[in-house]
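Asks: Using only what follows, build the 3D model:
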Amino acid sequence: MRQGQPLFSPEEMPPSEVATCTRRRALCVAGCTVGVALLGGVVPACGPQTGSPPTGPVPAGNVSELSVGAMRVVSNVVVARDANGVYAMSAICTHAGCFVSDTAGTIAAGLSCPCHGSAFDGEGVVTKGPAPVALEHYTVTIAADGSITVDGSQPVAASTRTPAT
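Replies: Here you go, the predicted structure:
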């Protein structure tokens, strides 16, 4: 290749250099594509999943599927049932916005954040940082057919329960 010429201008290069340049360009394009795919988020499942707390109604299953002592993450909320009824809170960690996990599915086991190791008890209170504050609780409505709706636009005290009949 002659100095001062564009790298990929085949019109002014000898045939042997055009072939080399084409292979080099193909390898460069392939390498760049892989790099963009890995770093550009084309594979989002590889990193921690983040979200936003609820801002309106969220369907959260049926009360018949939630036994006393059980807790589960549904969308961006956590629903749980204790002896006093059903309650709900945000499923978004207050540290960096990652989804919390209910690995054991029980109130006793609480919740954990896979991103930075925060932990919450079954009431959403921080038991291990870096999360700075507890998870927000929301109004729960149970319809006649047992379907649960969490209203993210209606924060409530952590002690609030909706009776499950």
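Asks: Contacts for stretch 109-118, please.
Replies: With CB atoms under 8 Å, 6 or more residues apart in numbering as the contact definition, stretch 109-118 has outside contacts at 48, 50, 71, 73, 78, 91, 93-96, 98-103, 119-122, 124, 126-131, 135. Every residue, glycine included, has its C-beta placed from N, CA and C.
Asks: contacting residues for Thr162?
Replies: If you count contacts by CB under 8 Å, 6+ apart, Thr162 has them with 85-87, 139-142.
Asks: longest strand anywhere in the protein?
Replies: The strand that spans the most residues within the chain, counting by DSSP state E, is strand 147-156.
Asks: so what pLDDT did Cys46 get?
Replies: pLDDT for Cys46: 53.
Asks: do the one 10 residues further on as well
Replies: The predicted local confidence for Gly56 comes out at a pLDDT of 93.
Asks: now do Ala104
Replies: Predicted confidence (pLDDT) for Ala104: 89.
Asks: that older thread, pull out the buried members of the contacts of Thr162.
Replies: The neighbour count (16 or more other CB atoms under 10 Å) marks 85-87, 139-140, 142 as buried among the contacts of Thr162.
Asks: Columns secondary structure, pLDDT and distance to Val63 on top of the residues you listed, output as TSV?
Replies: Conversion of the buried ones among the contacts of Thr162 to TSV gives the following (DSSP: H, G, I helix; E, B strand; the rest coil; pLDDT from 0 to 100; distance: CB to CB, whole Å):
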residue	secondary structure	pLDDT	distance to Val63
Gly85	strand	97	9
Val86	strand	98	6
Tyr87	strand	98	12
Thr139	strand	97	15
Val140	strand	98	10
Ile142	strand	97	5
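Asks: Thanks again, I'm all set now.
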